[in-house]
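structure of the sequence below:
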Amino acid sequence: MSLEQEVELIRQFPIFSKIQPAMQKLLCFSSERLTYEAGQVMFRAGDAADAAYIVIEGRVDITVPTSTGAILVNSLQRNDIIGEIAIFGDVPRTATATAVTRMEALRISKDMFTNVIRENPDAALELIKILAARLANTTAQLSRRAP
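Here you go, the predicted structure:
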């Protein structure tokens, strides 16, 4: 894939759509495009948070381990971000991410992702929106499970 195609791909992600073109190019150079097969684990709860991932294609389930088995807390797909909570909370991974279908993801290192958010207020606001929506979704799921 050419640099122009990679930059166009980066622009499709809401969190990166409004950042400067030079930063978009830097993201292309510094990120890694990965492929996961259905059933393959991207990371597990408790792992070190070394990167965030953007889903390019496919679907991934996010589960939390419990004493009675894993609980599905979210299913993410194209343009969704995965793994950002542990990066900004500076904690180990809070959940396990498993590909449901064959999927492609863009792996962005912790340092690069943090720098993008720090230097781009629009990206930071988009991240806050994503985190707020996740919290609302998780709260709704927990409310449905409560006795």
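
all contacts plus neighbour counts: C-alpha atoms, from now on.
Will do.

quick one, what contacts Tyr36?
Contact analysis of Tyr36 by C-alpha atoms under 8 Å, 6 or more residues apart in numbering lists Met42, Ala99, Arg102, Met103, Glu104, Ala105.

scan those residues and report the most crowded one.
Ala105 (25 neighbours; other C-alpha atoms under 10 Å).

which parts of stretch 69-84 are buried?
Buried residues in stretch 69-84, counting neighbours by 16 or more other C-alpha atoms under 10 Å, are found at Val73, Leu76, Gln77, Arg78, Asn79, Asp80, Ile81, Ile82, Gly83, Glu84.

brain fart, stretch 122-135
Asp122, Ala123, Ala124, Glu126, Leu127, Ile130.

what does stretch 81-97 give?
Those would be 81-87, 92-97, for stretch 81-97 by 16+ other C-alpha under 10 Å.

ok, now stretch 4-23?
Here stretch 4-23 shows Val7, Leu9, Ile10, Arg11, Phe13, Pro14, Ile15, Phe16, Ser17, Lys18, Ile19, Met23 as buried, counting by 16+ other C-alpha under 10 Å.

what values do phi and psi take at the nearest residue in space to the fourth one that is not next to it in sequence?
This means Arg11. Distance criterion C-alpha to C-alpha, 6 or more residues apart in numbering; nearest residue to Arg11, sequence neighbours excluded, is Ser17 at 4.4 Å. Torsion angles at Ser17 (phi, psi; degrees, to the nearest 10) stand at phi -70, psi -30.

hey, what's the residue nearest to Val55 when sequence neighbours are not counted bridged with?
Excluding its sequence neighbours, the residue lying closest to Val55 (C-alpha to C-alpha, 6+ apart) is Ala105, at 4.5 Å. Counting by DSSP bridges, Ala105 forms beta bridges with Leu34, Val55.

any idea of the pLDDT on Ala105?
Ala105 carries a pLDDT value of 93.

show me what contacts it?
Arg33, Leu34, Thr35, Tyr36, Tyr53, Ile54, Val55, Ile56, Glu57.

take the buried residues of stretch 4-23 and keep only those in helices.
Residues of these located in helices (DSSP state H): Val7, Leu9, Ile10, Arg11, Met23.

the fourth one and Lys18: what is the separation?
Using C-alpha to C-alpha, to the nearest Å, one obtains 8 Å as the distance from Arg11 to Lys18.
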